[in-house]
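Asker: Sharing a model prediction with you, sequence too.
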Amino acid sequence: MAVTNNAPTVIARRHSFAAKLLTLLVGLVAAAQIATWLIVSRDNLREARSLIEADLRHATLAFTNIVKDRNNLLGDGGTTAARDYAIKPLFTDPDEVATLASALPSIAGSIHADLVVALALDGHTLASAPAGEIPGGVLRKLIAAAELDESPTPRATGYAYHRDRLHSLVLVPVRAPDTVAWLVLGFRIDNALASTLHEQTGIDLTFADPQHRVVATSLPALKARTLLASPLRPTTDAALATVPLGDDTALVVSRLLPAGDGLHASLYLQYSLEEKLVPARRTERILLLVSLGSLVFAILLGLGFARRLSQPIEQLAAHTRVIARGDYITPLTLQRTDELGRLADAFRAMTAGLAERDRVRDLLDKNVSPEVAAQLLRDGATLGGQEREVTILFADLRGFTTLSEKLTPQELLTLLNRYLDRMSAAIEAHGGVIDKFIGDAIMALFGAPVPQSDAANRALDAALAMEKALVQLNAELAAEGIAPLAIGIGVNTARVVAGNIGSSRRLNYSVIGDGVNVASRLQSLTRTAEYRTSLIASAATLAACCQKSSLGAPPASSASPGSSPSSASSPSSALPTFRPLGTVPVKGRAEPVVIFAVE
Amino acid sequence: MNSRFLFFVIAALAAHLPLAADQGSVQVTVKDNKGQSVADAVVSLLPLDTKPILAPLAEPVIINQRDQEFEPLVTPVIVGTRIAFPNRDAIRHQVYSLSKAKRFEIPLYGPGVGETLLFDRAGVVALGCNIHEWMTAYIIVLETPFFMKTQADGLAALAALPPGRYRLDVWHSRLVHEATREVIIASSDVAAQTIAITLRPNTGKRRAPDGLGGGYK
Ligand SMILES: [Cu+2]
């Protein structure tokens, strides 16, 4: 059974309550975790970008400051060098240009300048170390800026290409004591500077010329070329740009460094997004682990919870099948205190109710005629009733009291039940309904609860069958050495009220009315010796009997005691013979009842 | 502060002065546009029609070095004047000039009269000291005997001018554009001139605070 049931169970599980619950729980946890992860991830990215942006701004500032510092240093050094009274006259004497040129390298060496250029007051180059040209436009701009400088130590700074190398320049006056010439000092923007800044700020710098070639960089050469190969271009608003670099993403800010005469240099400051995200990624990994753990926990919890819920439900379902088989004996073992426990209690109560109903039905079958039971089960047991014509049969044992003295109670009961069994069989065989047993007496109904058009005939036939059955029973009893039984039967037909009679808790289908008393009275009249009969029927029964058995045939003048009943009887052998016995008064009735012996 | 000052040069014939025959006289007041008097400006008049007689003084003109400053700061002279640079301090100075009008250098010398030099070329000679960076003075060598340095009240009074056409020049150490115009001087004549001039801001070298050896920042 387990083997054959396995496959359907698995399929059923998928749609089962437990599966739905599990899916819901796991889905909720997973959704919450995914949402958390997404939010954290997004915030991390945002935070990293913001941190990098701050770093880049800081590095930009650091670059500006380091250039400013170096310019100041070179400016101070240049000013000091130009103050030398041996050097100073060289700037103003056209004959001493060669001497001046020879002096410049030593100035450069003493103040660590990469470039020293001596300019006449009008800006034309007197000498340069190393030899080379700075665009005239750059120099004019520097001089104009220095002349506007109102400070005691006027100077001007800028960028320029000298022999294709980018330099930062500072221009200072040569004074004797008025300004008589200018001195330009420069340092190279090279990889060393980029590396210094990188060490200070952690930011990578790349300088590019207008043709987008690397001038200086703190990056590996290949990476710098990749950066410059991107469509990135310097912007004046220093906006943050995102540049994919191979398997990494760099955030870049750029600056345009004007280098005179329409030339410029671009400065790109960049930081790897992935590098900044390293701690965030670690957190995310931990979060992922926690999420997975939570999910597993949720699955286990969901499984357990679902099982706790579904198991009793399945148990109840299984027990339903037990009940359906009619087994009310196997107890429902479910013991819980929650709603399912209450459901189990209700289930038990229902089982008890079903068992009770079945028992009642069984008892009904035994104690009530099947017709009554059927009608009760069909129409329900309701109070109230209807008036209808029925034929009532009363049968009673003769000399039962004497018999009871001879037999043990057990023997007596066995005998009585045997007797009642036979009588019941005879009655039911003719469509009669046992209304009740009153000790050894039987009350039976014909024409109720199921209306029968030939109720009177059936009643009389049943009575005759009872007498025949008793003869047979007596034969059996004789063989057993038991004295024979004798009965008296009264049959009456009357309009009575039929229905369920009793309290709302206990009901009996029965009939009430004067006609019932009459039937009982007729039964007791069979004791009258002069009647010489054990079966007495009323004229009403006779009338009903003849009316139904032979339509159109003259009534058997049953109402008249003087007429011959034999001749009056129907030619059909189906009709019994009625022998008028005259009239008898009945208690509570004004008119006496005409009675017949039926043979 | 806007560093450019506007100077108004007002020249007026001083009618009330006692006049020699055939001689004019002029009083020049140099002020800036705020009405402030400007001292140490040199007002000169170069005769255009006649060659003036240049008679330098026999004795050298003195430019002292006192308390590590030149004194006076501005010295207008006639071409051919000899100038002495006596050192009045206890320390030594090294006076020089790289100006075209007179390139010279007087090697370190201590207290005393020192060298006397001849200034025989017209032009402005900026003086400096190789020891004391802040020391600055100017010698204006002129080819005319008619000149005057404005005093603290901004006034320069020129007298005994033969009537005729003159080129009126105003010089100042921070002058941006040359202030030059032609004027006609007549005997008992009154001439009024207004010349607008722009100057560089006064960003001159500062002397180091007392107690510090020297140099400037
Ligand atoms: Cu000195």
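Answerer: On my side now, so go ahead. Here the structure is a predicted model, which means the values were calculated and not measured.
Asker: contacting residues around residue B:109?
Answerer: B:87, B:92-94, B:115 (CB atoms under 8 Å, 6 or more residues apart in numbering or on different chains). In this view, the C-beta of every residue, glycine as well, is placed from N, C-alpha and C.
Asker: Among those, which one lies nearest to chain A?
Answerer: residue B:94 (7.0 Å; CB to the nearest CB).
Asker: excluding its backbone neighbours, what's nearest the closest one?
Answerer: Nearest residue to residue B:94, sequence neighbours excluded (CB to CB, 6 or more residues apart in numbering or on different chains): residue B:130, at 4.1 Å.
Asker: How much space separates the one you found from residue B:149?
Answerer: According to CB to CB, to the nearest Å, residue B:130 and residue B:149 sit 26 Å apart.
Asker: and those two? which has more neighbours close in?
Answerer: Applying other CB atoms under 10 Å in any protein chain shown to residue B:130 and residue B:149 shows that residue B:130 carries more neighbours, namely 21 against 18.
Asker: if we look at the sheet, which residues does the nearest residue to residue B:88 once chain neighbours are set aside bridge to?
Answerer: Using CB to CB, 6+ apart and skipping residues adjacent in sequence, the residue nearest residue B:88 is residue B:66, 4.2 Å away. Beta-bridge partners for residue B:66, by DSSP bridges, are residue B:69.
Asker: Neighbours of residue B:66, how many?
Answerer: Here the count is done by other CB under 10 Å, and residue B:66 has 12 residues near it.
Asker: That one contacts residue B:85, correct?
Answerer: No - counting by CB atoms under 8 Å, residue B:66 sits too far from residue B:85 to count as a contact (11.1 Å).
Asker: ok, residue A:135 - contacts?
Answerer: Taking CB under 8 Å, 6+ apart as the test, what residue A:135 contacts is A:160-161, A:260-261, A:263.
Asker: scratch that, residue A:112 is what I was asking about
Answerer: Residue A:112 makes contact with A:74, A:77, A:187, according to CB under 8 Å, 6+ apart.
Asker: so where's chain A shaky on pLDDT?
Answerer: For chain A, the stretches with pLDDT under 70 are A:1-15, A:234-238, A:360-384, A:504-505, A:507, A:548-574.
Asker: List, one by one, the residues from chain B near the ion.
Answerer: B:93, B:129, B:131-132 (CB under 5 Å from the ion).
Asker: and with 8 Å instead?
Answerer: Selection of chain B residues close to the ion by CB under 8 Å from the ion yields B:65, B:68, B:89, B:91-95, B:129-132, B:135.
Asker: ok, now which ones touch the closest residue to chain B within the stretch 101-250 of chain A?
Answerer: Going by CB to the nearest CB, chain B is nearest to residue A:177 of the stretch 101-250 of chain A, at 3.6 Å. Residue A:177 is in contact with B:126-129, B:133-136, B:205, counting by CB under 8 Å, 6+ apart.
Asker: what element comes up after the lowest-mean-pLDDT helix or strand in chain B heading to the C-terminus?
Answerer: Least confident helix or strand of chain B, by mean pLDDT, DSSP states H and E, is strand B:6-13 with a mean of 41. Note on strand B:6-13: by DSSP states H and E, the next helix or strand toward the C-terminus is strand B:24-32.
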